[in-house]
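Sequence and computational prediction follow.
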Amino acid sequence: MTIAEQGGGAAPLAPDLIKETTTQAFGKDVIEESKRQPVLIDFWAPWCGPCRQLTPILEKAVRAAKGKVKLVKMNIDEHPAIPGQMGIQSIPAVVAFVGGRPADYFMGAVPETQVTAFIEKLTKGIVGEGEPDIAEILKEAEAVLAEGDPAAAAQIYAEVLAVDATNIAALAGLAKCYVTSGAIEQAKQTLAMVPESKRSDAAISAVQAAIDLAEQAQSLGPVGELEQKVAANPLDHQARFDLATALNAAGKRREATDQLLEIVKRDRKWNDDGARKQLVQFFEAWGGADEATVEGRKRLSTILFS
């Protein structure tokens, strides 16, 4: 499908202003070209209705900018690698590159006024000036994820990775977004990009622990059934252990801690100290600063050293 067909019969395009790109040509068409003037990369697919709505609006706005900005389009069905690496999870998605780096983005079929304002902000140099503050961007992504929006957080982490593909905090953050969303395979693929020498990094270890716990939970039954098993036989430590794992997967951290601590109280040696070890893995996956970790460690210490 040509761009004109995608846009519902738009006028012929100025070849130097609007073009389609491929995975192989992305570096030249977007990264290198954005060092001369801002470049918009539009991720789309033929089946995407909102993409067809946005295309003529984008093209009109880019032409109106009279060469101050270029538009590059990428069909994610034919070229999934780049959008996958950037964490693009919904389309249409438009990312602005300035100076070889992502500078801003928007998603969805937004109105013409918003597209025009977006381009004006780019061409007036409001975004993309100087070196990006990676630490601040990472903090923003972490905050967004903590607020319960893994998709938005993934987009922010992807901006960092577009600048520094081996940034450990961003790779760990993106993988954590996937775990939170239940996309375990994508999380594993993201961690596979981490250099071997960095696999022991605390952030990477935490996400790996979260992946391991999520995979454990996939083989268990519903929480309700496990609760019934424990209620029927409070000494069924395996059922209680499984319940704790399922509760953790459901985001119920305190309840999961309660169940494992109950096993530790009743039989510290059960399953080669399995309950305490699982709880330590919970803490690693949650992070040392997490409220549930801090409280859980205190409660565990009280039991172990009482």
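Everything's here; your move. What you see is a predicted model, and the numbers here were worked out from it, not measured in a lab.

Render the CA-only coordinates of stretch 297-306 in PDB, please.
Extracted C-alpha coordinates of stretch 297-306, given in PDB (Å, rounded to 0.1, in the frame of the first residue of the first chain):
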ATOM      1  CA  ARG A 297      11.600  -7.500  56.200                       C
ATOM      2  CA  LYS A 298      10.800  -6.100  59.700                       C
ATOM      3  CA  ARG A 299       8.100  -8.800  60.200                       C
ATOM      4  CA  LEU A 300      10.400 -11.600  59.000                       C
ATOM      5  CA  SER A 301      13.200 -10.400  61.300                       C
ATOM      6  CA  THR A 302      10.800 -10.300  64.300                       C
ATOM      7  CA  ILE A 303       9.900 -14.000  63.700                       C
ATOM      8  CA  LEU A 304      13.400 -15.200  63.000                       C
ATOM      9  CA  PHE A 305      15.000 -13.500  65.900                       C
ATOM     10  CA  SER A 306      12.300 -13.700  68.500                       C
END
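
In it, which residues are buried?
When neighbours are counted by 16 or more other C-beta atoms under 10 Å, the buried residues of stretch 297-306 are found to be 299, 300. C-betas here are computed from N, CA, C, even on glycine.

try stretch 247-263
In stretch 247-263, counting by 16+ other C-beta under 10 Å, buried: 247-249, 252-253, 255-263.

Same check on stretch 39-48?
39, 40, 41, 42, 43, 44, 45, 48.

Outside of the helix or strand containing the third one itself, which residues are in contact with it?
Meaning residue 41. Assigned by DSSP states H and E, residue 41 falls within strand 39-44. Applying C-beta atoms under 8 Å, 6 or more residues apart in numbering, the set of residues contacting strand 39-44 from outside is 6, 21, 26, 29-30, 33, 51, 54-55, 58, 62, 69-76, 83, 88, 91-98, 119.

run the last query once more with 6 Å
Applying C-beta atoms under 6 Å, 6 or more residues apart in numbering, the external contacts of strand 39-44 come out as 30, 33, 51, 70-74, 76, 83, 88, 91-97.

next one: stretch 177-195
For stretch 177-195, the surrounding residues in contact (C-beta under 6 Å, 6+ apart) are 150, 153, 154, 171, 174, 175, 204, 210, 211, 214.

Restricted to strands, list the residues you listed.
Per DSSP state E, strands hold no members of the contacts of stretch 177-195.

possible to save those as CSV with distance to residue 295?
CSV is the format used below for the contacts of stretch 177-195 (distance: C-beta to C-beta, whole Å):
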residue, distance to residue 295
150, 24
153, 25
154, 29
171, 29
174, 28
175, 25
204, 25
210, 19
211, 24
214, 22
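
would you turn the residues you listed into TSV with neighbour count?
Listed next are those as TSV, based on neighbours: other C-beta atoms under 10 Å:
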residue	neighbour count
150	23
153	25
154	27
171	26
174	31
175	30
204	18
210	25
211	21
214	20
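
Residue 141: which of those residues is nearest?
When the contacts of stretch 177-195 are compared for distance to residue 141 (C-beta to C-beta), residue 153 wins out at 4.8 Å.

Just give the nearest non-adjacent residue to residue 69, would you?
Of all residues beyond its chain neighbours, the one nearest residue 69 is residue 38 (4.6 Å), with distances taken as C-beta to C-beta, 6 or more residues apart in numbering.

can you count the residues close to the one you found?
Using other C-beta atoms under 10 Å, residue 38 has 23 neighbouring residues.

what sits against it?
69, 96, 98, 122.

let's see it at 8 Å
Taking C-beta under 8 Å, 6+ apart, one finds 68, 69, 70, 96, 97, 98, 103, 119, 122, 123, 128 in contact with residue 38.

Can you tell me which of those residues are buried?
Neighbour counting by 16+ other C-beta under 10 Å classes 69, 70, 96, 97, 98, 103, 119, 122, 123, 128 among those as buried.

Where helices are concerned, which of the residues you listed count?
Among the buried ones among the contacts of residue 38, the members found in helices (DSSP state H) are 119, 122, 123.

Excluding covalently adjacent residues, which one is nearest to the last one?
Put plainly, it is residue 123. Nearest to residue 123 is residue 68, by C-beta to C-beta, 6+ apart, at 4.3 Å.
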